[in-house]
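In: I would like the atomic coordinates for the input below:
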Amino acid sequence: MPTSSDQTVTNREQRRDPRPARSRELILDAALPHFLAHGFTASTVEGIAVAAGVAKRTVYNLFPTKDDLFRSVIHRSTETSERFITERVESDIGVGEFHDEILAFALTHARAVLSPDVIATRRLLIGESRIFPELAAEYFERVPSAVLQAIAARLERYHELGLLHIDDPRTAAEHFAYLVLGAALDRALLEPRTLEPHRVTDSATAGATTFLRAYSP
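Out: Residues are numbered from 1 along each chain as shown. Sure, this is the predicted structure:
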């Protein structure tokens, strides 16, 4: 009969074993496009396992149900977006020439929101929001709403530095975000192909320039 010390050794070995973590990433990488292509209802664990190059049992060992797998796909995207907020929205304020800084931040924001993974996640959630309304609501609060709040805080800091004139930071954040994304967001959501990089750059630059004209002191 295994002793508690034996179990401790086993647990340590499992923590050191990189294979489950690698399998998890392979499965999640395969699951997002599979769910998007087939829809949640028509998607199968077998199909996702084949796409990931793992055994069906491996999928079930890591994700007991298809619901669990779908939620994990969305949560991984959410966590990536939360890191973006910390690393790119809430940092590097006032480190260079203001005009260049705003343009660079606008491009960073546009590239993040219009990235293939983010667009795929949003398209998937929109399509499955009837089945997962609480998951869609959670994603909205933790990603789009949280990003706007972080942008508002950044713009308020610029106001305090005398670089912008802002009465309502939240409204200004909405103006900034939507001017920067422009029609590119709708195009990315509704067209299956990836946006050309120059379209993203042009949209971000034009939007940031318009924002600066409106909010310069």
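In: wait, residue 204 sits on residue 105?
Out: No. Taking contacts as CB atoms under 8 Å, residue 204 lies outside contact range of residue 105: 9.2 Å. (Glycine included, C-beta is placed from N, CA and C.)
In: So those two - more neighbours on which side?
Out: A direct count of neighbours by other CB atoms under 10 Å for residue 204 and residue 105 places residue 204 higher, at 26 against 20.
In: Spit out the contact partners of the residue nearest to residue 199 when sequence neighbours are not counted.
Out: Distances taken as CB to CB, 6 or more residues apart in numbering place residue 184 nearest to residue 199, at 5.9 Å, with adjacent residues excluded. Residues in contact with residue 184 (CB atoms under 8 Å, 6 or more residues apart in numbering) are 110, 114, 195, 199-200, 203.
In: Look up how far residue 75 lies from residue 184.
Out: 26 Å (CB to CB, to the nearest Å).
In: Ok, residue 101 next?
Out: Taken as CB to CB, the span from residue 101 to residue 75 is 32 Å.
In: Residue 213 too?
Out: Taking CB to CB, one finds residue 213 at 39 Å from residue 75.
In: Of those two, which one has the most company?
Out: Neighbour totals were compared for residue 213 and residue 75, and residue 75 leads with 15 against 8 (other CB under 10 Å).
In: And the longest helix along the chain, what does it pack against?
Out: Identified as the longest helix of the chain according to DSSP state H is helix 19-42. Secondary-structure packing of helix 19-42 (3 or more CB pairs under 8 Å, 6 or more residues apart in numbering; DSSP states H and E): helix 45-52, helix 56-62, helix 66-84, helix 116-128.
In: Can I get the ones you listed in TSV including mean pLDDT?
Out: Formatted as TSV, these follow (pLDDT from 0 to 100):
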stretch	mean pLDDT
helix 45-52	97
helix 56-62	96
helix 66-84	94
helix 116-128	93
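In: Mind checking those for the one nearest to residue 19?
Out: Distance to residue 19, taken as CB to CB, is lowest for helix 56-62 among the helices and strands packed on helix 19-42, at 9.3 Å.
In: for stretch 197-204, which positions count as buried?
Out: 199-200, 203-204 (16 or more other CB atoms under 10 Å).
In: ditto for stretch 145-162
Out: With the criterion 16+ other CB under 10 Å, stretch 145-162 contains buried residues 146-152, 154-156, 158-159.
In: quick one: which of those residues sit in helices?
Out: 146-152, 154-156, 158-159.
In: okay, now the domains of this structure?
Out: 1-64, 73-215 (automatic domain parsing).
In: and these, which one's lowest on average pLDDT?
Out: Mean pLDDT per stretch puts domain 1-64 lowest among the domains of the chain, at a mean of 81.
In: in the protein, which residue is closest to the centre?
Out: residue 81 (3.9 Å; CA atoms, centre = their mean).
In: before we move on, back to that, out of the buried residues of stretch 145-162, which one sits closest to residue 178?
Out: Looking across these and measuring by CB to CB, the closest to residue 178 is residue 148, at 9.8 Å.
In: what's the closest non-adjacent residue to the closest one?
Out: Nearest one to residue 148, counting by CB to CB, 6+ apart, is residue 173 at 4.8 Å.
In: Surely that neighbour is in contact with residue 157?
Out: No. Between residue 173 and residue 157 there is no contact under CB under 8 Å: 11.9 Å.
In: joint contacts of the two?
Out: Shared contacts of residue 173 and residue 157 (CB under 8 Å, 6+ apart): none.
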